Structure formats: structure tokens, C-alpha cells
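> Provided below for reference: sequence and predicted model.
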Amino acid sequence: MTGPSEIDTSRPHAARLYDYLLGGKDWFPVDRDAAEKVKKALPVAETGARANRDFMHRVTRHLAREHGVRQFLDIGTGIPTSPNLHQIAQETAPDCRVVYADHDPLVLEYADALMHSTPEGRTAYVQADVRRDSVLDSREVRETLDLGRPVALSLLALLHFVPDEHGPQEIVRSMLGRLAPGSFLVLSHATADFYDEDQLARVKQVFDEGGTPVQIRSKAEIEVFFDGLEMIEPGLTPTHRWRPDEPSVMSDAEAFIYAGVGRKP
């Protein structure tokens, strides 16, 4: 696994930028400046970030309540924003076990907030980079999750930061291959479908200049991640349309992130 490293405040980081868009406080001026550039190119950036967060709440609750999932592996966790995934899961089923993984050293500093488990359940945190590290082989995963039982693999707003040269489909396929039948892939991914190329190029430039390349994919390209899985209704859809608690007035363009859940047969 990736070892502790010094926090680089000279470049924006996706986790801190996301925290800024969600109204958090754990960012540096360089992250704020980059986020404002993203908002200038994509004025709905904050709306989309919040819709993605709301999707996480709904899908976690749904899997724990309706499908009996008791194990979650959340990769690309980001900076803790309450309620976190384990709080939603353990509120629904107190015996849920959750492992978080992220490679930003700032997230590591806040890991204690991710490990306040119920007595019946358990949570853990591992610092790891999905592009290079075998997260499933980490001590934290081995000691917290039983990979012989179903696990919900959560990859929320992560894979658009994994360009094709890093083999994102192969990474997902490899992890799913090691999970038990009945496991789930929970995925959300920024899409290119609702905006023109100029807007997307400006957003991409902000991240590229900050040293975090992005690849914003179409719906067809995102669907590939679910090959071989049984899609849960309503399939791959903008985040605000995935089993909303109440009718949404948000447009698909305001969400700009697709979300879906697939079950491993």
C-alpha cells in the first residue's frame, strides 16, 4: 500500500476540490482557485457534486435495507463529510463493516472520523492508490471484510480520474473477479453527454494543469464497467434519477454524473 506522504499544497487535489464544492473547509487556496475555474467552465459543478453525494446516501441505504449487504469497500473516499457511508450503512444495519481507501495524505489525517463504528460493526481506512495498489490485499481489508461473502464495491466519482492508459476497466474487472457472487458494483462517473466540447476541454485543462488528468466518458463508455453484471433498476442514469426519495426538479445537465449499480451473478 502507499505509505504516508507529505501533503502537497502547491497543486490542487481532487479530494480537496470536491470538499470545496460540497461546502467543506478542508482545502487550500490552490484547491479553491481550481474549483472556481471549474465552476466558471461548468457552473453546475456544485449541484452535481451534491447530487452525487445524495446518490451515495440513497444507494448505501438501499443495498443495506433491500439487498442485505453488510460489507462495503469505498475506494476514492475523499475527505469525510457527515454523514459518511458507514454512518448511513450502520444506521440501517448496525453490524455493517466498511473499509475506506484513498491516496490523498490529507484524507489520512481525518481517518479517525471514518472509523467511529457502531459496537456491532467495524470500519477501517487504508491509504492506497487504486491505479497501483492491490487494495483487496491490504491488511485492513483482510481484517475487516470477509471476501467470501458479498461486498458492495463503491467507486463514486473516481474513475474519471483514471484515464484509459491506467486500465480502469481491467482494475474494476480484477477487483470484481475476487469478490463473492452477490457482490455489487456501485459506480458514478462524470459524463460528456450534456455539454459541448469547449466546456469539457476547459474543465479538463484545470485538472490536467493541476497534475490530475481526467477522462470524462460517455454513457456508452461508462456502461462497459458493468459488463457481465446484472443491473439494478433503473440502470445507468444521472445521479438524481437513481431511486430518488422524491421527484427531482434537477435537470440531467445539472447532475452531469451518471450512476449505476450492478450485481455480480
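Done, it's in.
> show me what contacts the residue nearest to residue 168 when sequence neighbours are not counted?
Distances taken as CB to CB, 6 or more residues apart in numbering put residue 162 closest to residue 168, at 4.2 Å, once the chain neighbours are dropped. From N, CA and C alone the C-beta is placed, and that goes for glycine too. Contacts for residue 162 were tallied using CB atoms under 8 Å, 6 or more residues apart in numbering; they are 130-131, 168, 171, 215.
> cool, residue 84 as well?
Residue 84 touches 113-114, counting by CB under 8 Å, 6+ apart.
> that one and residue 115: what is the separation?
Counting by CB to CB, to the nearest Å, the gap from residue 84 to residue 115 is 10 Å.
> can you check residue 27 too?
When residue 27 is compared with residue 115 (using CB to CB), they lie 22 Å apart.
> how about residue 127?
Following CB to CB, the distance that separates residue 127 from residue 115 is 13 Å.
> circling back: neighbour-wise, which of residue 27 and residue 115 wins?
residue 27 (23 against 16; other CB atoms under 10 Å).
> so the more buried one is in contact with residue 15, correct?
No: look at residue 27 against residue 15 with CB atoms under 8 Å: they stay out of range, at 9.0 Å.
> mind listing the helices for the stretch 1-150 of the chain?
Here the stretch 1-150 of the chain has its helices, by DSSP state H, counting those that start in this stretch, at 14-21, 29-41, 45-66, 85-92, 105-109, 139-144.
> now the longest one - C-alpha only, PDB.
In PDB, the C-alpha atoms belonging to helix 45-66 read as follows (Å, rounded to 0.1, in the frame of the first residue of the first chain):
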ATOM      1  CA  ALA A  45     -20.300  21.800 -10.600                       C
ATOM      2  CA  GLU A  46     -21.600  22.300  -7.000                       C
ATOM      3  CA  THR A  47     -25.000  21.000  -7.900                       C
ATOM      4  CA  GLY A  48     -23.500  17.900  -9.500                       C
ATOM      5  CA  ALA A  49     -21.300  17.200  -6.500                       C
ATOM      6  CA  ARG A  50     -24.200  17.400  -4.100                       C
ATOM      7  CA  ALA A  51     -26.300  15.200  -6.300                       C
ATOM      8  CA  ASN A  52     -23.500  12.600  -6.300                       C
ATOM      9  CA  ARG A  53     -23.300  12.800  -2.500                       C
ATOM     10  CA  ASP A  54     -27.100  12.300  -2.200                       C
ATOM     11  CA  PHE A  55     -26.800   9.300  -4.500                       C
ATOM     12  CA  MET A  56     -24.300   7.700  -2.200                       C
ATOM     13  CA  HIS A  57     -26.700   8.100   0.700                       C
ATOM     14  CA  ARG A  58     -29.600   6.500  -1.100                       C
ATOM     15  CA  VAL A  59     -27.700   3.600  -2.700                       C
ATOM     16  CA  THR A  60     -26.000   2.700   0.600                       C
ATOM     17  CA  ARG A  61     -29.300   2.600   2.400                       C
ATOM     18  CA  HIS A  62     -30.900   0.700  -0.400                       C
ATOM     19  CA  LEU A  63     -28.200  -2.000  -0.500                       C
ATOM     20  CA  ALA A  64     -28.200  -2.500   3.200                       C
ATOM     21  CA  ARG A  65     -32.000  -2.500   3.600                       C
ATOM     22  CA  GLU A  66     -33.300  -4.200   0.400                       C
END
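> all set, thanks.
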